[in-house]
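J.: Just the structure for this:
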Amino acid sequence: MTYGDLYESAKRDPDAFWMEAAKGIDWDVQPSKALFDENAPLYEWYADGKLNACWNAVDRHVEAGHGDRTAIIYDSPVTHTKREITFVELRNRVATLAGALRAKGVGKGDRVIIYMPMIPEALEAMLACARLGAVHSVVFGGFASHELAVRIDDCTPKCIIAASCGIEPGRVVHYKPLLDGALDQATHQPDFCVIYQREQEVAHLEEGRDVNWHGFQYGVEPADCVPVEGNHPLYILYTSGTTGQPKGVVRHTGGHSVALNWTMKNLYDMNPGEVFWAASDVGWVVGHSYICYGPLTYGCTTVVFEGKPVGTPDAGTFWRVIRDHKVKCLFTAPTAFRAIKRDDPTGSLVGDYDLSSLKSLFLAGERADPDTIEWAQDKLGVPVIDHWWQTETGWAIAGNPLGVEALPVKIGSPSVAMPGYDVQILDEGGHPMKTGELGAIAVKLPLPPGTLPTLWQAEDRFHASYLTHFPGYYETGDAGMIDEDGYLYIMARTDDVINVAGHRLSTGAMEEVLAAHADVAECAVIGVADALKGQLPMGFLCLNKGAETAPEQVVKDCVKMVRDQIGPVAAFKLAVVVDRLPKTRSGKILRGTMVKIADGQEFKMPATIDDPAILDEIAEAVKPLGYGA
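T.: Okay, here's the model as predicted:
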C-alpha cells in the first residue's frame, strides 16, 4: 500500500481504518465501533471497548514469551550509570508499585501527580497508575513551586510521586523543597507523597504524609491490570507556558494506545525488539508518547537518557548512546542538533563512533531549519525527517511515513498529513486558501484517535481555545501553506506572522535565511512594534564556536541575505549577536517573551524557562538597537 492509498482509505472510511488499527493491541472488551460522534464536536474513539494501557505496554509482551527482551535502557552520563530492565522485570516492578498504591487507596479515576527526573522509576510510576486505572499527570521535574501548586489544585491528586532530586550538569536540583513549597501554596492536599530517594541527595520526609518509595512497597500484593473504558482518561498533561488557569490536555486510553502502536511501524519504521530513542523528557508530550507508551506498546526497547546533547561530557554523547545501545531511530528536537553543531561545527566527533545501527533521525518540537537538516544529513548519512505535532495531538499531524513509503524529503517541510488528519489552510474568515498561500493551519473535525478529546474540567475553554475560531475545525495556532504536491510547510505560530507595512511575512522564512550563514549556529526572528510600518523584524544570532568572522560583519551579511532572498519588503535591518536564546526546557524559543522585552512591555516569567538570566541578556542586547525598557 502506498501512502496515498493509506491516507485515502482513512479519509473514505475512518471507522473501518481505525477498527483495523485497533487489532494491533489487546482488548478486554472489543469496541463496537471506532468513532463515537453523538456529542460532536466532542468526539470519542473506542468508547465502549475495555482495555488497559499498562497491559498493552508491558504484560502482553511477557505473556507472548518476550519477557527476557529489554524494555528500558537507562543511560545517565550525569550519574555515570547504565542499566537495562527486561519486560518481565518491568512487569514485576510496576505490579508491585501499583499494589502499594492500591493498598493506600489509589484506584480507578484517582489522579496522581508524578514529579521526577529522567529515571526508569518515572516510567514505572506512569505505568503503575495506568495499571490501576488512575490518571497520571507528569509535571516536569524541577518545575517551580508555584507552577506545581497550580497543577495540584487543578487536578486534585490523591497522591504525588516525586524524587528527592534531579541531576543537571554540575548541579543537583532539589526537588523535595520545591514539592514542599508547592504543597504550602496549594489549597488541595494529597493523601500522601511517595519519595524516591536518590543517592545524590536524601530528602527529609514529612512524618504522616511522605513515604519512602522502597519502604512502602515492602510485602504488598502485586496488582493486576484493571480494564478501563476506551474513553477513560489515561493522563492529564499541562501544556508548557500556561499562565493563570492551567490547560490540562486529556488523553483517552483506547485511542492513545491504538494510534501510538500504529505509528511505531508506519511512521517510524520500527519492529518489535529494536531500539527506539526519543531524546526528550517524561515531562513533555514526546516523553509520554515515545519514551513510555509508544515504544513499549509496540514491543520496542526504549532509551531513558539522563543527560544533555552537549556538556555530558561533550557534543559526541548522542553518538555514544547510539553506538552503545544500537539505536535504530533517534527522535529529538532541532535545538539539540543546533547545540551539537555549534560545539562541533565540522562534525568531527561523529567519526569516533560506529553509527551503523542508526537508520533514521526524526525531528520535532519546533521548525527544523534547512541548515540543521542538511548538516545532520551530511554527518549521519540517514534520512532526516522533520515531522510536526503538538501536545494536544499526541502524535504527528504531518510526517514522512517511512514504514509505509519513504516519500521524497522536501527540506523545510514536515512532508504530508498523516492518516486521519484532514489538514487545510484557511484565511481569517475560515475560507480555504489557494495552493502556496500563507494562512492559518486547521484540521477538519473529527481529529483521529489519540488526540485530545477535551481539557481537564474545562470544556468551555476547550471550545474557546480550539473549536470556536473556525467552526468544524481544530485550530492548530500555526500558520503555513500547502504546495502543489500536498506537502505542508509550517512557517510560524499564527502570532509569529508579522505585518510589515501591510505585507504578511513569516518570521520562519527569515530564520531559514539567517541560519544558512556559515557562522550562524542558531537564530530567532521576532516582530517588534514600529510607528511607521506597524511591525519590523528583529533577528537574534548565535554564532558557532570558533567563528572567525566578526559579529558586526555577520550582522551585515545577514541583513543583505534577507534583502536578497526575501526582498526589501521584509525591511530587515535590526539584528544582534547574542550568546544564547531564551528557551523552554523542551527547547522551544520563547519568542513571545522576547517580543515583550523588545517592545518594553511587562511580562510574566515563563514557567518553563530553562534559564531566566538569559532574559536580562536579551534586554541588554536590544538596547543599542533602540528597543527595550
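J.: Any idea how many residues pack against Thr187?
T.: Neighbours of Thr187 under the rule other Cβ atoms under 10 Å: 8. Backbone N, C-alpha and C define where each C-beta goes, glycine included.
J.: Repeat that for Gly412.
T.: Gly412: 18 neighbours (other Cβ under 10 Å).
J.: Check Leu205 too.
T.: Counted with other Cβ under 10 Å, Leu205 comes out at 16.
J.: Wait, it touches Asn212, no?
T.: Yes - using Cβ atoms under 8 Å, Leu205 is in contact with Asn212, at 6.7 Å.
J.: Look up the residues that both of these two are in contact with.
T.: Applying Cβ atoms under 8 Å, 6 or more residues apart in numbering, one finds that Leu205 and Asn212 are jointly contacted by Ile195.
J.: Please pull out the lowest mean pLDDT helix or strand from this protein.
T.: strand 503-506 (a mean of 71; mean pLDDT, DSSP states H and E).
J.: How far off centre is the helix or strand that that strand is followed by?
T.: Of the helices and strands lying after strand 503-506 in sequence (DSSP states H and E), the nearest is helix 507-515. Per Cα atoms, centre = their mean, to the nearest Å, the displacement of helix 507-515 from the mean C-alpha position of its chain is 23 Å.
J.: Repeat that for stretch 363-380.
T.: Taking the mean of its C-alpha atoms, stretch 363-380 sits 17 Å from the chain's own mean (Cα atoms, centre = their mean).
J.: what does stretch 521-540 give?
T.: For stretch 521-540, the distance to the chain centre is 27 Å (Cα atoms, centre = their mean).
J.: Stretch 205-223 too?
T.: For stretch 205-223, the distance to the chain centre is 31 Å (Cα atoms, centre = their mean).
J.: quick one: buried residues of it?
T.: Going by neighbour count (16 or more other Cβ atoms under 10 Å), the buried part of stretch 205-223 is 205, 210-211, 213, 216-217, 220, 222-223.
J.: what does that stretch rub up against?
T.: Here stretch 205-223 makes contact (Cβ under 8 Å, 6+ apart) with 92, 95-104, 121, 128, 131-132, 161, 180, 190, 192-197.
J.: Please, where are all the strands along the stretch 451-600 of the chain?
T.: 473-482, 488-493, 497-500, 503-506, 520-530, 534-543, 574-577 (DSSP state E, counting those that start in this stretch).
J.: Which of the ones you listed sits closest to Val555?
T.: Smallest distance to Val555 across the strands of the stretch 451-600 of the chain (Cβ to Cβ): 4.7 Å, for strand 574-577.
J.: as a whole number, average confidence for that closest one?
T.: Average pLDDT, strand 574-577: 95.
J.: which helices and strands does it pack with?
T.: Contacts defined by 3 or more Cβ pairs under 8 Å, 6 or more residues apart in numbering; DSSP states H and E place strand 574-577 against strand 534-543, helix 551-565.
J.: Out of the ones you listed, which gets nearest to Ser360?
T.: Closest among the helices and strands packed on strand 574-577, using Cβ to Cβ: strand 534-543, at 27.3 Å.
J.: on contacts alone, who are the packing partners of that closest one?
T.: strand 497-500, helix 507-515, strand 520-530, helix 551-565, strand 574-577, helix 613-622.
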